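Novice: I need the structure of the sequence given here:
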Amino acid sequence: MSKNIMISSIDLSHLHNLEFCSFTEHILEALMKVNQDLDFQKESDLLRSGLEQFDIILKKKKLSAYTKNVNELDKKRCASFTGLLQCVRGYTKHYNEDIKQAAEIILVSIESMGKKIVYRNFQVKSATFSSLTSAWQDKSGFVEAIEILAMSGWVQHLAELNRKFEDAYMERLSAQAAAPRTKLIDLRAELINVYRRIVKKLEAYCLFENPKALELRKHLNKLIAAYNKELIRRKNKSMKRNSCTTIVD
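Specialist: Reported below is the predicted structural model:
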């Protein structure tokens, strides 16, 4: 088959559940626009039915809210930690020797946890932030250093953000656990088969240079490119995280 009529490939199994829903919704919207000219009514009905089942099984809107909250809290705690780290590094150049020594004590405790902490997975970051803030608030030497740097409020802020993140993360896990996973896997497999049928039929229409089919093919390829870009970004980010060495005391 000529490359000119091919639909770009995408590994749908690598999409998260919410991304899979979103992709399916985009496909359905595209088909609805050409259903008067191309025969995709049966496939459209199957996609629509599948999305309705997704809403029931996955409780998509609720999980989406959980995920959004988790991501926002993670960004906040990472921003707080990054700001604190930059401030401490700045204090290691301070003209006052007491402040300089206090900053070096805190910096060493951070560096003992390894590099690029904010790029690690959720669980590792939670454990790291918890370990650091607990030490800074409870252990002699660290407590005095934090007081000298006048950063007690900042440490407390980071600790609170980390606790809020952990609570939100557990809420999301509980919501996900409530979804019947086997049914979800089966449903995804069914919808992937429907999508493959759509691709084969559309490529057949394109073979005869149907204008609406060619327009739809162009639209779907752009859509697929956008999702593939995110999959590549996530893969590269995962590889980057895994390349970081974690130092365990």
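Novice: Strands of the protein, residue ranges please.
Specialist: Taking DSSP state E to define them, one finds no strands in the chain.
Novice: in it, what spans have low per-residue confidence?
Specialist: Applying pLDDT under 70 to the chain flags residues 1-5, 58-63, 176, 178-182, 241-249.
Novice: in it, which spans are helices?
Specialist: 17-34, 41-58, 60-91, 97-111, 122-138, 142-148, 152-177, 181-207, 211-243 (DSSP state H).
Novice: Reformat the ones you listed as TSV; add distance to Asp11.
Specialist: Bear in mind the C-beta positions are built from the backbone N, C-alpha and C, glycine included. Formatted as TSV, those follow (distance: least, C-beta to C-beta, whole Å):
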stretch	distance to Asp11
helix 17-34	11
helix 41-58	19
helix 60-91	21
helix 97-111	38
helix 122-138	24
helix 142-148	47
helix 152-177	22
helix 181-207	10
helix 211-243	7
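Novice: closest one to Met6 among these?
Specialist: With C-beta to C-beta, the closest approach to Met6 among these belongs to helix 181-207: 6.5 Å.
Novice: Show me what that closest one packs onto, helices and strands only.
Specialist: When contacts are defined as 3 or more C-beta pairs under 8 Å, 6 or more residues apart in numbering; DSSP states H and E, helix 181-207 sits against helix 17-34, helix 41-58, helix 211-243.
Novice: can you count the residues close to Thr92?
Specialist: Thr92: 15 surrounding residues under other C-beta atoms under 10 Å.
Novice: same thing with Ile106?
Specialist: Neighbours of Ile106 (other C-beta under 10 Å): 26.
Novice: Now render the helices and strands packed on helix 181-207 as TSV, adding mean neighbour count and distance to Asn193.
Specialist: As requested, these are exported to TSV (neighbours: other C-beta atoms under 10 Å; distance: least, C-beta to C-beta, whole Å):
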stretch	mean neighbour count	distance to Asn193
helix 17-34	18	12
helix 41-58	16	9
helix 211-243	14	17
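Novice: Let me have those in TSV, adding distance to Arg172 as columns.
Specialist: TSV is the format used below for the helices and strands packed on helix 181-207 (distance: least, C-beta to C-beta, whole Å):
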stretch	distance to Arg172
helix 17-34	12
helix 41-58	12
helix 211-243	18
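Novice: Roughly how far does the closest residue to Thr128 other than its chain neighbours sit from Ala145?
Specialist: In space, and not counting its chain neighbours, Thr128 is closest to Met113: 5.0 Å by C-beta to C-beta, 6 or more residues apart in numbering. To Ala145, Met113 is 16 Å away according to C-beta to C-beta, to the nearest Å.
Novice: do the same with Glu190
Specialist: The value you get for Glu190 to Ala145, if C-beta to C-beta is used, is 59 Å.
Novice: Of those two, give the one with the bigger neighbour count.
Specialist: Neighbour totals were compared for Glu190 and Ala145, and Ala145 leads with 24 against 14 (other C-beta under 10 Å).
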